[in-house]
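Colleague: build me a model from this:
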Amino acid sequence: MEIKNASSADCCGLEPTGGPVKTHCPVEATINLIGGKYKALILWKLMEGTLRFSQLHKEVPHATPKMFTRQLREPESRALISRPVY
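Modeller: Numbering: from 1, shown residues only. Below is the predicted model of the structure:
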């Protein structure tokens, strides 16, 4: 897993359904993108560099595998992170 370098037009302002978010507040837009129980922690850990799924999951030990996977899929669907297949 790694944080994807993208312009704000590529990743900001999308709802979980993929539609645009109607907000004029940058803080609200940020919360819409990274809100969730573990997403901020996941993104923070990925700022240090690329991690494999198991390495990243060790950094967030309280998350169940199901919840952890769910928390990873949303930022991936919004192009905030990329999951390369090796």
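
Colleague: Leu80 reaches Leu33, doesn't it?
Modeller: Yes: between Leu80 and Leu33 there is a contact at 6.7 Å, judged by Cβ atoms under 8 Å. To be clear about C-beta, it is placed using only N, CA and C from the backbone, and glycine gets the same treatment.

Colleague: show me where the protein has helices.
Modeller: Shown for the chain, the helices assigned by DSSP state H span residues 8-11, 26-34, 39-47, 53-59, 65-77.

Colleague: pLDDT below threshold where in the protein?
Modeller: Within the chain, the segments meeting pLDDT under 70 span 1-23.

Colleague: now the farthest one out in it, which residue is it?
Modeller: For the chain, the residue at maximal distance from the C-alpha centroid (Cα atoms, centre = their mean) is His24, at 21.2 Å.

Colleague: ok, the residue most central in space within the chain to Ala29 distance?
Modeller: The residue lying closest to the centre of the chain (Cα atoms, centre = their mean) is Pro75, at 2.9 Å. Plainly put, Pro75 is 14 Å away from Ala29 if you go by Cβ to Cβ, to the nearest Å.
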